[in-house]
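J.: next comes the sequence, and after it the predicted model I'd like to discuss.
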Amino acid sequence: MNARTVAPGDTVRLRYALRPRGGDDLISNFDEPEGDIVTLGDGTLAPMLEQWLVDLAPGERHVFLLDPEQAFGFSQPELVQAVPASDLPPGMRFEIDQLVEFVMPNGQTLAGRILEVGDDAVKVDFNHPLADLSIEFEVEVESILPSEAS
């Protein structure tokens with residue numbers, strides 16, 4: 001019997017769901033034909049979620065109840081910004097509460113939620129959509145995949 005548990009850097013086949021505590025799933029792959037393959041530390045999963053996978057044994061299902069500071073943190077006022085219309089893609093229409101992906105000057109993308117739409121600017125909240133929320137992180141590590149020898 002393999003009693004190995006998940007360690008940092010492992011690649012695992014994972015089932016998971018994220019939901020506000022007591023709310024509906026925001027993300028879940030429990031209904032998919034198979035779990036997602038995730039390597040701890042590669043940025044696929046947020047580091048604050050990855051830490052809960054360490055030491056789990058494959059085949060066990062767990063639900064972690066996380067406070068905001070254990071999950072996606074608290075909203076930061078400086079991440080609410082007015083984006084000038086001149087910086088927005090021409091012809092794009094925005095709606096309140098719409099999630100929009102912005103390309104930063106360095107080429108990275110950042111998702112923001114539209115708070116206000118004005119004539120010459122759009123007010124955008126770049127905080128994580130789950131900031132300020134207590135969340136449930138439900139996980140089942142289906143298997144730890146053998147690491148490829150390099």
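T.: Yes, it's here.
J.: list the pairing partners of the lowest-mean-pLDDT helix or strand in the chain within its sheet, with orientation.
T.: In the chain, no helix or strand scores lower on mean pLDDT, DSSP states H and E than strand 99-103, which sits at a mean of 85. Sheet pairing of strand 99-103 (DSSP bridges) gives strand 109-117 (antiparallel).
J.: now do the buried residues in the strand it pairs with.
T.: For strand 109-117, burial by neighbour count (16 or more other CB atoms under 10 Å) applies to 112-114. Using the backbone N, CA and C atoms, a C-beta is placed for each residue, glycine as well.
J.: okay if I get those as TSV plus pLDDT?
T.: What follows is the buried residues of strand 109-117, written out as TSV (pLDDT from 0 to 100):
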residue	pLDDT
Gly112	91
Arg113	93
Ile114	94
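J.: of those, closest to Ile96?
T.: Using CB to CB, Ile114 is the member of these that sits closest to Ile96, with 5.8 Å.
J.: for that closest one, what are its contacts?
T.: 94-100, 122-124 (CB atoms under 8 Å, 6 or more residues apart in numbering).
J.: that older thread, ok now the least confident helix or strand of the chain, how far from the chain's centre?
T.: Distance, stretch centre to chain centre, for strand 99-103: 15 Å (CA atoms, centre = their mean, to the nearest Å).
J.: spatially central residue for the protein, please.
T.: When CA atoms, centre = their mean is applied to the chain, the residue found nearest the centroid is Ala46 (5.8 Å).
J.: pretty sure that one contacts Phe72?
T.: Yes - with contacts counted by CB atoms under 8 Å, Ala46 reaches Phe72, the gap being 7.2 Å.
J.: which stretches of this protein have low pLDDT?
T.: Along the chain, the parts satisfying pLDDT under 70 run over 1-2, 148-150.
J.: quick one, helices of it?
T.: 47-50 (DSSP state H).
J.: domain assignment for it?
T.: Under the assignment automatic domain parsing, the domains of the chain span 11-72+131-145, 77-125.
J.: deepest of these, which one?
T.: domain 11-72+131-145 (a mean of 15; mean count of other CB atoms under 10 Å).
J.: measure it end to end?
T.: 6 Å (CA to CA, to the nearest Å).
J.: ditto for stretch 19-39
T.: Taking CA to CA, stretch 19-39 runs 22 Å from one end to the other.
J.: quick one, strands of this structure?
T.: With DSSP state E, the ranges of strands along the chain come out as 11-20, 27-28, 36-39, 61-66, 80-84, 99-103, 109-117, 121-125, 135-145.
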